[in-house]
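> everything below, folded, please.
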Amino acid sequence: MKYEDADILAFVSERSKKNQTPQTNLEAEGNSDLMKIPEEKYPEIKIKGRVENSSEDDSNLALRLTPEELQASFPETSLESSVFGNSEKEELPFEAFTGYDEDVSKISSPSEAFGIVTTGIEPLEITPSGAVITGYITSSRRSEIRLGTYVVVPYESEEKLFSRVGKLQYRQEFVVDDATEIHSRRMLSARASPINEADYKFLACLDPLCILYRKTDGTLTRRMADRIPRPNTPILPVTDRLEVQTGLNIPEEGIFLGHLSVGGELVKTHSEPETVAYYLRNDYSMGDPLIFRHMLICGSTGTGKTFLSKNILRQFMAENNRYRLRSSPDKARKNPCLVIMDPQDEYSQIFEDNETLTESDKFGFESENVTYGRVQSTKAFVAKVEGQKYPGDKSRAEQIEFTIPFSLVEYNSWLIAAAGMSELQFIGLEVLLGDFFKSGTPHTYKNFLAHIESEGTRSHYVDSGKLHESSYDGVVRRVNSRFFSKVFDQDATPITDILDKIFKPGQISVFPTEYISSPRIRDLIVLTIMSHIVDNKLSTMGNDAIKETPIILALDEAHRYLSKASGEHARLIISRFADAARQGRKEGLGLFLITQDPQDIDDTVFKQVNTKLILNLNNDAAITSLKVPKEYERRIPYLKKGQMIIHSPDNSDIVEIVGLSNCVVRHR
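Residues are numbered from 1 along each chain as shown. Model (predicted):
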């Protein structure tokens, strides 16, 4: 085929074309209603004002004919009926196809549809392992389609196939080669006509998610995609918020996390409000609330993890949010206690309102049941550390000082076990601690240090063969650390004496550590509090304030404390928290983990996390560790601030959402 004949170039040649049927101007312009002159019936054309048997090329002559001149040449023929088609008054020369199903054609107006389901490219197919459903998208709607767009395809009944666009592609409409030097030069020329979208097939391959239908009581529900749509059925945008929520299995209420989006653009419906809120299941209709199956927020530095965490955690502290405990004698429902390990001193600001919120912002929050505003019960519990002072200038929350008593080490020997301690040294430490806590000496760090540094004590263990000499001396060296003396038994109230003030239903207890310069001291304080919560939750004889209160433990920089075990004491820590994660559902303990390095969290803990909120990550190892489908894995490095992917199998299908643009409490 010559380029002159290709419709895709919108190009008309001035070269003579022999033996072609003469065309009208309409045909030259590519109109589908072509007007052809019947040469076999009218071998000679006589036109007033024209020279008979003109030497002009027939095609050029035909292009210059006007409708009036053609009518004068064919007086016995009506141009309207014979040339341009039958008039409306004339009956069709064939019978209507009685088998045509008019139901599908009446489903919606053509202007609403993206296109139609087609078998012109691939056969329609649904199998137990997948589906092949191809849609042709009309040129006027192609800019609205992108990967992940949600659509519905109606059946002849009231059912609808709810799908996601999984692949987009262009195909040639005409048999031309547009990958040539000649074509490229013409397209790049300033005089060339732009490419017409209608000259190409734009195809969208649909991934069926479910079939939407109504029960006999009118309730919208879903089932697996077990039916195939008919060819030429319209592909429609989803305009009903309930259809989106049902199709993606998103709860209609619960803990607000954000708004459904595709490629960073909010999904809009014809409902009011037009956006689709994403909620985390927070009732007992299908088991325990998902917070007790744990949550993870991960993202690179600067992606808004703290901003997002504040907005989500504030929802858990709503007045009407209550949980029941199986171990509680009265089985009453209680507000949770939110305990936050805060390395940047940002979460005490939950005590303050966000002064920048407008009335419009508040109205939007209320319309979607988003809780906002300060939590007056927020308190900052500050560890007393020698030589360190907490500024406490970021909020007006009450500050309560405490110290860590050495007595807590009795059942948590790993609190003073250095990371480099060998297995034999760790065994020796436990032997020394066990004997020390059986003695009548006051159980302080200074007394323990004096005890093991005594020559008599050393001789007792080494000479009797209870401990090897090198192991004993190694324990003494590692335990005799300056930073232990700065933390244990300071001049403040022991934390064991204020547990009823820390673990109160409806209270936010923040433990800031930013003011502490030593990372080892920070870790010691955080691990002490975490272990105390876990020990009391898992023990049948635990502290009542902890046992009988639902607790959400928010742990920022979680990878620092739940990293893969590298020693005996680290394995003990992970083992305890893995037990806590497994039993959290029945004990009322939910872990809320925040990290930029999810790959460093130990697998035994990571596997217990049901809900993952994934912000932008550029670390391949981190992305792979999240184990999300490949099509979403590729999006993670391109997520903008506020965008996230939610992988929560027990809550909904995997989706993309956008968080709130404003913080519901102060964030500075």
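> list the residues that contact residue 129.
Residue 129 sits next to no residue when contact means CB atoms under 8 Å, 6 or more residues apart in numbering. The way it works is simple: take the backbone N, C-alpha and C, and place the C-beta from them, glycine included.
> strands along the stretch 501-650 of the chain, start to end?
Along the stretch 501-650 of the chain, the segments classed as strands by DSSP state E, counting those that start in this stretch run 508-512, 551-556, 589-595, 611-614, 643-647.
> kindly report the same for the stretch 351-500 of the chain.
378-383, 398-402.
> neighbouring strands - and their directions - for the last one?
Going back to what we said before, that points to strand 398-402. Note on strand 398-402: by DSSP bridges, its sheet partners are strand 378-383 (parallel).
> nearest to residue 390, out of the strands of the stretch 351-500 of the chain?
Judged by CB to CB, the one of the strands of the stretch 351-500 of the chain that comes nearest to residue 390 is strand 378-383, at 4.6 Å.
> name the residues that touch that closest one?
By CB under 8 Å, 6+ apart, strand 378-383 touches 348, 350-351, 390, 392, 395, 397-404, 487, 495, 498, 501-502, 507-513, 516, 525.
> now do that strand and strand 508-512, the angle between them.
Calculated by axes from the mean of the first three to the mean of the last three CA atoms, to 10 degrees, strand 378-383 forms an angle of 40 degrees with strand 508-512.
> where in the stretch 351-500 of the chain is pLDDT low?
418-420 (pLDDT under 70).
> ditto for the chain
Residue ranges of the chain with pLDDT under 70: 1-111, 190-195, 329-330, 418-420, 565-570.
> thinking again about what came up before, please name whichever of the strands of the stretch 351-500 of the chain is nearest to residue 480.
The nearest among the strands of the stretch 351-500 of the chain, by CB to CB, is strand 378-383 at 21.4 Å.
> C-alpha coordinates for the closest one, CSV please?
Output in CSV follows, covering the C-alpha atoms of strand 378-383 (Å, rounded to 0.1, in the frame of the first residue of the first chain):
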residue,chain,number,x,y,z
THR,A,378,-2.2,12.7,76.6
LYS,A,379,0.7,12.4,79.0
ALA,A,380,4.5,12.4,78.5
PHE,A,381,6.4,9.9,80.7
VAL,A,382,10.0,11.0,80.9
ALA,A,383,12.8,8.6,81.9
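> related to what we said a few turns ago, need the strands of the stretch 501-650 of the chain in JSON lines with distance to residue 332, can you?
Formatted as JSON lines, those follow (distance: least, CB to CB, whole Å):
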{"stretch": "strand 508-512", "distance to residue 332": "21"}
{"stretch": "strand 551-556", "distance to residue 332": "16"}
{"stretch": "strand 589-595", "distance to residue 332": "18"}
{"stretch": "strand 611-614", "distance to residue 332": "26"}
{"stretch": "strand 643-647", "distance to residue 332": "32"}
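> where along the stretch 201-350 of the chain do the helices fall?
For the stretch 201-350 of the chain, applying DSSP state H, counting those that start in this stretch gives helices covering 241-247, 305-316.
> highest mean neighbour count out of the strands of the stretch 351-500 of the chain?
Stretch with highest mean neighbour count among the strands of the stretch 351-500 of the chain: strand 378-383 (a mean of 22; mean count of other CB atoms under 10 Å).
> follow-up on the earlier one: minimum distance to residue 466: which of the strands of the stretch 351-500 of the chain has it?
strand 378-383 (34.9 Å).
> quick check on residue 352: phi, psi?
Main-chain torsions, residue 352, degrees, to the nearest 10: phi -110, psi 150.
> phi and psi next, for the closest residue to it other than its chain neighbours.
In space, and not counting its chain neighbours, residue 352 is closest to residue 666: 3.9 Å by CB to CB, 6 or more residues apart in numbering. In terms of degrees, to the nearest 10, the main-chain angles of residue 666 are phi -70, psi 140.
> so how many other residues sit close to residue 666?
20 (other CB atoms under 10 Å).
> I'd assumed residue 357 was in contact with it.
No - between residue 666 and residue 357 there is no contact under CB atoms under 8 Å: 10.0 Å.
> rebuild the strands of the stretch 351-500 of the chain as CSV, extending it with distance to residue 578.
Formatted as CSV, those follow (distance: least, CB to CB, whole Å):
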stretch, distance to residue 578
strand 378-383, 26
strand 398-402, 28
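> rewinding a little: closest one to residue 377 among the strands of the stretch 501-650 of the chain?
Proximity to residue 377, assessed across those by CB to CB, is greatest for strand 508-512 (6.3 Å).
> adjacent strands (with direction) for the closest one?
By DSSP bridges, strand 508-512 pairs with strand 337-342 (parallel), strand 378-383 (parallel).
> list the contacts of it.
Contact with strand 508-512 is made by 317, 337-343, 345, 347-348, 350-351, 375, 377-383, 390, 397, 502-503, 525-526, 529, as judged by CB under 8 Å, 6+ apart.
> now the angle between strand 551-556 and it, please.
Relative orientation of strand 508-512 versus strand 551-556 (the same axes, to 10 degrees): 30 degrees.
> now strand 508-512 against helix 305-316, angle please.
160 degrees.
> please name the residues that touch the nearest residue to residue 665 once chain neighbours are set aside.
Once flanking residues are discounted, residue 665 sits nearest to residue 350: 4.9 Å by CB to CB, 6+ apart. By CB under 8 Å, 6+ apart, the contact list for residue 350 reads 310, 313-314, 317, 374-375, 378, 395, 508, 510, 665-666.
> before we move on, the earlier item: what about the strands paired with strand 508-512, which gets the closest to residue 146?
Residue 146 sits nearest to strand 337-342 of all those, at 38.0 Å, using CB to CB.
> dump that closest one to CSV, keeping only the CA atoms.
Taking Å, rounded to 0.1, in the frame of the first residue of the first chain, the C-alpha atoms of strand 337-342 are listed here in CSV:
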residue,chain,number,x,y,z
CYS,A,337,-4.6,2.8,76.0
LEU,A,338,-2.2,4.1,73.4
VAL,A,339,1.5,3.7,74.4
ILE,A,340,3.9,5.4,72.0
MET,A,341,7.7,5.0,71.9
ASP,A,342,8.6,8.4,70.5
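> I'd like the numbering to begin with 771 instead of 1 from here.
Noted, 771 is the first residue going forward, which turns the last one into strand 1107-1112.
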